[in-house]
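quick one: sequence and predicted model below, then my questions.
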Amino acid sequence: MGDMTLEQVNAMYVDVLKELGNIGAGNATSAIANMLGTKIDMNVPSIRLMEVSDLGGALGAEDDTVVGIFLEVEKDIDGSMMFLLDIPSARYLVNSLMLQSVDRDTFDEMELSALKEIGNIIAGSYLSALSSLTGLSIIPSVPYISVDMAAAILSVPAIQFGQYGDNALLIQTEICADVLVNGYFILMPEQQSYQKILASLGITI
């Protein structure tokens, strides 16, 4: 990123980031509605470009248990992405998808598989938005899932991608269904890919 500070990047690209967040969140909401066969609404997403090391604090208490779905992305850009849900939101989505009324904070193998599919569809919605905005081809890997404390889930991608760059795009989405579904989408492109994204938008660093 040369000599540019995170604050300067934030100031220059906030409109682009908001557009990505709004389109991605809208796509994700539509995908969830189609998957569950119900009408749902979305609050305006909160979108921030921030340092990877600050992600844990931005998600709330680091010892809160969350569901994290992790994917790597490749082709025109390389990096990683995550989608995180708090336990009540994950339980609601699984119950709605599997037409059940289970009330517990743990998930069996079938439920974890359903959560991976939910995460895959939601992540794909954001990647589609990014691809449409940039014209770049972006392919996600098979998703990995973990149910653990937020700090533990975030530590792996933070360590892995800290060697490339310090910036992550954090999009907080609230989906209004029978319950309020709180989700966090995190995109962490490696440094060259971050510059490719900006260049595709006509911005040269």
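Yes, it's here.

contacts for stretch 137-145 next, please.
When contacts are taken as CB atoms under 8 Å, 6 or more residues apart in numbering, the neighbours of stretch 137-145 outside the stretch itself are 67-77, 81, 112, 115-116, 119-120, 123-124, 127, 130-131. C-beta coordinates here come from the backbone N, C-alpha and C atoms, glycine included.

any buried residues in it, and which?
Neighbour-count burial for stretch 137-145, with 16 or more other CB atoms under 10 Å as criterion, is recorded at 138, 140, 143, 145.

do the same with stretch 193-205
193-198, 200.

do stretch 145-155 as well
145-147, 149-151, 153-154.

before we move on, what about stretch 35-55?
So for stretch 35-55, counting by 16+ other CB under 10 Å, buried means 36, 42, 45, 47-50, 52, 55.

now do the contacts for the residue nearest to the spatial centre of the chain.
Averaging the C-alpha coordinates of the chain gives a centre point, and the residue nearest to it by CA atoms, centre = their mean is F185 (1.8 Å). If a contact means CB under 8 Å, 6+ apart, then F185 has 24-25, 28, 81-83, 122-123, 126, 170-171, 173 as its contacts.

do a quick rundown of the strands in the chain.
41-42, 46-51, 65-75, 79-86, 138-140, 144-149, 167-176, 180-189 (DSSP state E).

residue contacts, E109?
By CB under 8 Å, 6+ apart, no residues touch E109.

tell me the pLDDT of it.
At E109 the predicted local distance difference test score is 91.

separation between L201 and A152?
Counting by CB to CB, to the nearest Å, the gap between L201 and A152 amounts to 34 Å.

correction: the previous question concerned A33.
When A33 is compared with A152 (using CB to CB), they lie 31 Å apart.
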